[in-house]
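Asker: this one's sequence-less:
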C-alpha cells in the first residue's frame, strides 16, 4: 500500500488509476485532483 502524498489517503498500488513519477520514484493518488495538485508542485509534497 502507498500513501497519497497530497491527502495522505492509503492507496493500493496495484489498482491505483492515478500515478506520477518524480525524481525516479513513483507516487500513487486517490483521485485525479490529488494527482494534478502533485504534478503542479511535486516539491511541496515530497
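Answerer: Received the coordinates, thanks. This is a predicted model, so every value here is computed, not measured.
Asker: count of neighbours near residue 19?
Answerer: 13 (other Cβ atoms under 10 Å). Just so you know, the C-beta spots here come from the backbone N, C-alpha and C atoms, and that holds for glycine as well.
Asker: Oh, that last question was meant for residue 46, not what I typed.
Answerer: Residue 46: 10 neighbours (other Cβ under 10 Å).
Asker: next one: residue 36
Answerer: Residue 36 has 13 nearby residues by other Cβ under 10 Å.
Asker: Specify the local secondary structure of residue 35.
Answerer: helix (DSSP: H, G, I helix; E, B strand; the rest coil).
Asker: So it sits against residue 29, correct?
Answerer: Yes: contact status for residue 35 versus residue 29: in contact at 4.2 Å, counting by Cβ atoms under 8 Å.
Asker: which residues do these two both contact?
Answerer: 18-20 (Cβ atoms under 8 Å, 6 or more residues apart in numbering).
Asker: OK, contacts around the closest residue to residue 23 other than its chain neighbours?
Answerer: What sits nearest to residue 23 in space, not counting adjacent residues and going by Cβ to Cβ, 6 or more residues apart in numbering, is residue 46, at 7.2 Å. With contact taken as Cβ under 8 Å, 6+ apart, residue 46 is in contact with 5, 22-23.
Asker: I appreciate the help and will end here.
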